[in-house]
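Colleague: Quick one: sequence plus predicted model below, questions after.
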Amino acid sequence: MGTVNPLGGNLETFWKNVQEGKCGISTIDKFDPEEVGVSVAGIVRDFEPTDYFDKKDIRHMERFTQFAVAAAKQAMDDCGSDMKDLDPYRCGVIIGCGIGGLEMTEAEHTKYMEKGPNRVSPFFVPMMISNMAAGEISMKTNFRGDNFATVTACASSTHAVGEAFRKIKDGYLDACICGGTESTVTEFTIGAFKTMKALTRETDPMKASTPFDKNRSGFVLGEGAGVLMLEEYEHAKARGAKIYCEIAGYGATCDAYHMTSPSPECEAAARAMKNAYEEAGLTADDITYINAHGTSTGLNDKYETRAVKIALGEEAARKVKINSTKSMTGHMLGGTGAVEAIVCALTIENSFIHQTIGYSTPDEECDLDYCTDGPVEMPVNAALSNSLGFGGHNATLCFKKLTD
């Protein structure tokens, strides 16, 4: 696994900061936030492109792609193999991205408005398109199998991991680099989310992203990438690979309800969870932990709580441990599900469930155990990771502790 996100530029730093309950949200300094009226974001600070790329690569690779390729390089190092013993057409790359190169889009549009269409960069289109992260990773690895980008808003990278799981389970691939990436912390994007009334106006980074808290006031926009190497078990076992856990189930549904609001019936989100754990051969009582979508918005947190109760049943829902990594990182859009999948794998490996930080005021409509009093150290045999995207896209992954 590999990651570049507001809590760290590599897996070790990220997990250490997660365990310590640190906040990766900070005051915006990329532009003057006064006019837009939103002053905090989950900004990647611990990343130096020259650690991964030469100057030419940097010039011709948008920031979201840089994040993804860097995280993929980390994941390849972490897995301990270049997979050269496999047919390259049996190795794939699936990387989700919700928006793509919006930073370059803004810059080139400004150039177009000021200087005309003939001054737009010839690299604009290939650098901006969302699938370029997956394309660039394949160029670095020579993986020639399935290669595409999932674009389902906040569920993009959870779908990417799920589809990679499917490709391996169904026999089409032996290994797959998967995950997601995003870099959209710009004045334009923040202005757009702000006019939707989706972002918090809180100025204190420590109080900005407070999932499940009664006084939550909107999500915090973040950026970052998470990449996982999924590998067919017998191949991994034969080479003595380090295995964090098993991905054992995947559920994907749609609310078919509204552009931005989750469905108040919560049935589709619940079905994604149920499909994931049932595919894994588990029951509701087997689920120890859920990494919630947990955006710190009024509707998401309330409806996700309701969905968990429907998916697991009231009794099991009250026993399960739930947290939101977004309390620390903000919402990384297309990158967030993969980073949270990484958290699930590390949670299982380390028997450590991180705290949902920033919480202070209980909400009667969010009445489950969100790990708000501190981290919980306990064995985790099965975990779910939820992502719920604009458009009604729901995706859930089920992870199991490897017992063989």
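Modeller: Cool, got the structure.

Colleague: So Cys154, which state does it fall into?
Modeller: helix (DSSP: H, G, I helix; E, B strand; the rest coil).

Colleague: Okay, the closest residue to it other than its chain neighbours and Thr152: tell me how far apart.
Modeller: Nearest non-adjacent residue to Cys154, counting by C-beta to C-beta, 6 or more residues apart in numbering: Gly389, 4.0 Å away. In short, each C-beta sits where N, CA and C put it, glycine included. Here Gly389 is placed at a distance of 5 Å from Thr152 (C-beta to C-beta, to the nearest Å).

Colleague: Repeat that for Glu365.
Modeller: From Glu365 to Thr152 the distance is 26 Å (C-beta to C-beta).

Colleague: again with Thr13
Modeller: Thr13 is 29 Å from Thr152, by C-beta to C-beta.

Colleague: These two: which has the busier surroundings?
Modeller: Taking neighbours as other C-beta atoms under 10 Å, Thr13 and Thr152 compare with Thr152 leading, 25 against 14.

Colleague: Not counting its neighbours along the chain, what's nearest that one?
Modeller: Of all residues not flanking Thr152 in the chain, His393 sits nearest, at 4.1 Å (C-beta to C-beta, 6+ apart).

Colleague: pretty sure the one you found is touching His159, no?
Modeller: Yes - contact status for His393 versus His159: in contact at 7.4 Å, counting by C-beta atoms under 8 Å.

Colleague: Determine the residues that are contacts of both of these two.
Modeller: 152, 252, 387 (C-beta atoms under 8 Å, 6 or more residues apart in numbering).

Colleague: tell me, how many neighbours does the last one end up with?
Modeller: Other residues lying near Ser387 total 33 when counted by other C-beta under 10 Å.

Colleague: Pretty sure it sits in a strand.
Modeller: Yes - Ser387: assigned to a strand according to three-state DSSP.

Colleague: ok now do it, which residues does it touch?
Modeller: Shown in contact with Ser387 (C-beta under 8 Å, 6+ apart): 154-155, 157-159, 293, 336-337, 340, 393-396.

Colleague: Can you name the helix or strand that Leu228 falls in?
Modeller: strand 224-231 (DSSP states H and E).

Colleague: Just the buried positions in the host helix or strand of His109, please.
Modeller: In this structure, His109 sits in helix 102-115 according to DSSP H and E. Buried residues in helix 102-115, defined by neighbour count with 16 or more other C-beta atoms under 10 Å: 102-105, 108.

Colleague: Run through the neighbouring helices and strands of that helix.
Modeller: When contacts are defined as 3 or more C-beta pairs under 8 Å, 6 or more residues apart in numbering; DSSP states H and E, helix 102-115 sits against helix 124-128, helix 187-195.

Colleague: Could you rerun that using 7 Å?
Modeller: Packing partners of helix 102-115 (3 or more C-beta pairs under 7 Å, 6 or more residues apart in numbering; DSSP states H and E): helix 124-128.

Colleague: Next, the angle from the helix holding His109 to helix 187-195.
Modeller: Put simply, helix 102-115 runs at 110 degrees to helix 187-195, going by axes from the mean of the first three to the mean of the last three C-alpha atoms, to 10 degrees.
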